[in-house]
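Engineer: Provided below for reference: sequence and predicted model.
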Amino acid sequence: MISGQQTCVSPRIVLHSKRSKNNFMTIATAQQHFIDHLETGVDWNKVFGVVDSLYSDDGFTTNADNFTRATAVEKAIAKFSNLDRVDQKGYDFMYGEEKIELKMQKNLFQKRNPFATAKFKVKNFYGEKKTLEDFKSQKTFDYMMVLDLNARRVIIIEDENARPLYEQYGDGVYVKLDIGNYYECDIGAVEPIMPPTKLSSGITAAIEDYLDF
């Protein structure tokens, strides 16, 4: 992948010149390492190849299969990015000492405004004795990494920028992002490389082998 060009703004602030018209936000140098890693150190062709394979797999037909697909995407990101998948409450990966929460959704960005997202769930009230204000006041991650699964876009928002945007809908906490809230990674043109087999077929075969005794 080709890293975005960088323009120094101050000793502690860096602004990506590529896609800067879309981003309208500065990135502190302490955070720049994570952004650079996502832009240059991740095989997004394979990550999104796994995504395409999972979401075109006709062996996955129920809502219960969503957990399997989400887990497979997380493991693909871990394998092809060298992020450490920890699957803890409130965050999914570690990058050094930084906690990374992953969210992903199809059709995340709106057609009428390609820089604004639809609202998406970030927290769940189910089983939690918390209020919206509790979630707004508690830091659980350093960065939220959000994937638009079919547009193949990757955006990053810092915890302190995300929490003030939390809104309650039904049983969950949702957020909606727009220019100035997030940084969009320049991951280049993605050419998906799909696994040679369907995951659902492998799971079926594994269960059959497991029961063969």
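Structural biologist: Arrived safely. All figures in this text were calculated on a predicted structure; none of them were measured in a lab.

Engineer: remind me, longest helix of the chain?
Structural biologist: Identified as the longest helix of the chain according to DSSP state H is helix 65-81.

Engineer: What's the local residue count around Cys212?
Structural biologist: Just to correct that, residue 212 is Asp rather than Cys. Around Asp212 sit 6 other residues, with neighbours defined as other C-beta atoms under 10 Å. For the C-beta atoms, the positions are set from N, CA and C on the backbone; glycine is no exception.

Engineer: Renumber starting at 51 from here on
Structural biologist: From this message on, residue numbering opens at 51, which makes the last subject Asp262.

Engineer: mind listing the strands in the chain by residue range?
Structural biologist: Ranges of strands in the chain, per DSSP state E, are 56-60, 63-66, 77-78, 134-138, 141-145, 148-155, 170-174, 193-198, 203-208, 217-219, 222-225, 233-234.

Engineer: In CSV: the ones you listed, plus mean neighbour count and mean pLDDT.
Structural biologist: Listed next are the strands of the chain as CSV, based on neighbours: other C-beta atoms under 10 Å; pLDDT from 0 to 100:
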stretch, mean neighbour count, mean pLDDT
strand 56-60, 11, 29
strand 63-66, 18, 32
strand 77-78, 16, 57
strand 134-138, 13, 94
strand 141-145, 19, 95
strand 148-155, 19, 95
strand 170-174, 17, 90
strand 193-198, 23, 96
strand 203-208, 20, 95
strand 217-219, 12, 90
strand 222-225, 19, 92
strand 233-234, 22, 94
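
Engineer: Can you spell out which residues form a bridge with the closest residue to Phe170 other than its chain neighbours?
Structural biologist: Leaving aside its chain neighbours, Phe170 sits nearest to Gln155 (5.1 Å; criterion: C-beta to C-beta, 6 or more residues apart in numbering). On the basis of DSSP bridges, Gln155 takes part in beta bridges with Asp198.

Engineer: Gln155: what's it in contact with?
Structural biologist: If you count contacts by C-beta atoms under 8 Å, 6 or more residues apart in numbering, Gln155 has them with Ala168, Phe170, Val196, Leu197, Asp198, Leu199.

Engineer: And the residues you listed, which is closest to Asp107?
Structural biologist: Leu199 (13.5 Å; C-beta to C-beta).
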